[in-house]
Structure formats: C-alpha cells, structure tokens
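[1] I'd like to go over a predicted model; first the sequence, then the structure.
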Amino acid sequence: MARVLTAEAWAGRDTAAIARRLLGCRLVVGGSEGRRALRITEVEAYCGPHDRASHASRGRTPRNAVMFGPAGFWYVYLCYGVHEMLNLVTGPADYPAAVLIRGVEGIEGPGRLTRALRIDRRFNHLPATRTTGLWIEERDVPVESGDVAATPRIGVDYAGPEWSGKPWRFVLRAPGEARARRAKR
DNA sequence: TAAGTGATCTCT
DNA sequence: GAGATCACTTAA
C-alpha cells in the first residue's frame, strides 16, 4: 500500500508549493462502504494571514480556527449554504494556511467532490490520518512540471485584483496532454 | 444568467 | 438580533 502522508509533509510555509505537491497524490476515503482512493487533480492555495482571499485574512474566528493550528488537519466548512468545502491545513502553527481540494480524477468541482465522497463537517478539525477515515497517500506516478498548469483562483474576486490574480490554483493535466501540447508546437 | 441555501461574521 | 456575504452548482 502507498505511503500515508502525514503532517510533516504539509508543515512548510510555501503553501503554493505544498498545493502543487498534493497533485497526483491520492485522496483516500475509508468507510464501512469500502475504500476509494482518487488522484487529486485540482487544488488552490490559501496562504497566510495577509491573503485577502483566505478566510484567515480577517483574523481568527470559531470557523477558521483550525487554519491557525498545525498542519495535517482537515478544514471543512459549508459554502453558500449548500456545499461542503474540503481543505487541508498547512504550514506551522500560528501561520493560517490551507489547500482547498477542488477536484479529483472523475470528479470536478469542490462541492461535487465532497458530495460524491460524502465528506462533510464531521471531518472538520480531524487529522488526515487513516484512523479518521480520510487521508492522503503518496503519488504512485511522479508529476512533472509540464503536467501542472497554474491559474488564478476561482470565485475570489472579492479579494481584489492583487490577491485574486495570484496563480495559486494548480491543475494536473490529463495524462498525455502535456506531450500533445509539446508536439503541437 | 440567476436563484437557491444556511452558516458565519459584522454591525447595531 | 438583523443584515450582508459567501473559496458553488444547477437548471434555464
């Protein structure tokens, strides 16, 4: 079985690098209905107290408190009254940062992902370990830089151009797509 | 393109 | 306690 990635893998301060690092890793849901392990294909980085797009930018609140804790915990919250959003807390304690998991293979969209995998606020504040039933395993295939596209984050225009424009969304291209792009040129 | 949805936060 | 806002999705 693949290696389970634990807090030290996510404890660094470079949230964007950690977000990229998550691409290709497997999000594993283990429950009574069995086990699903899906490659992570789309993520967004929310980086520190000054990131105006981040919930943490207006200080610590009951909702975002887990972001201010150590890395390796889940931050799950309800968005628009409808959708559960799944984030992995990153960075050292007292440095509020997290990576939003927006998509996995076969499931595009943060709200659809949580609905399909039955992930909800039960996981908020729990560690990403096997015992909680939701964890992350190492990639089984390396990800090359050419396989990763960086774009601005989605749905954060309210943060203003300086922050909404940062290329902190990362998408893993489908296998072979990077090669096809190179061949086209 | 717009409505639905309800927790959360900010201001009275 | 009221009002605004919101890291989205779906149906039209």
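    Happy to help now that I have it.
[2] Verify the contact between A:P49 and A:R60 for me.
    No: applying C-beta atoms under 8 Å as the test, A:P49 and A:R60 come out as separate, 9.3 Å apart. In this view, the C-beta of every residue, glycine as well, is placed from N, C-alpha and C.
[3] Common neighbours of those two, please.
    Common contacts of A:P49 and A:R60 (C-beta atoms under 8 Å, 6 or more residues apart in numbering): A:P96.
[4] Could you tell me what pLDDT the model assigned to the closest residue to A:N64 other than its chain neighbours?
    Closest residue in space to A:N64, ignoring its immediate chain neighbours: A:H55 at 4.3 Å, by C-beta to C-beta, 6 or more residues apart in numbering. As predicted, A:H55 sits at a pLDDT of 98.
[5] Also A:A150?
    So, for A:A150, pLDDT stands at 98.
[6] same question, A:G72
    So, for A:G72, pLDDT stands at 98.
[7] On the three-state scheme, the nearest residue in space to A:V104 that is not next to it in sequence is what?
    Once flanking residues are discounted, A:V104 sits nearest to A:L38: 3.9 Å by C-beta to C-beta, 6+ apart. Assigned with DSSP: H, G, I helix; E, B strand; the rest coil, A:L38 falls in the strand class.
[8] what's the burial count for A:L38?
    If you count neighbours by other C-beta atoms under 10 Å, A:L38 ends up with 18.
[9] tell me which element whichever residue of chain A sits closest to DNA strand C falls in.
    With C-beta to the nearest atom of the strand, the shortest gap between chain A and DNA strand C falls at A:G155, namely 2.1 Å. Following DSSP states H and E, one finds A:G155 outside all helices and strands.
[10] what separates it from DNA strand B, distance-wise?
    11 Å (C-beta to the nearest atom of the strand, to the nearest Å).
[11] Ok, A:N87 next?
    14 Å.
[12] For my notes, confirm that residue occurs in a strand.
    Yes: counting by three-state DSSP, A:N87 is located in a strand.
[13] correct me, but A:R102 touches A:G109?
    Yes: with contact defined as C-beta under 8 Å, A:R102 and A:G109 form a contacting pair (6.9 Å).
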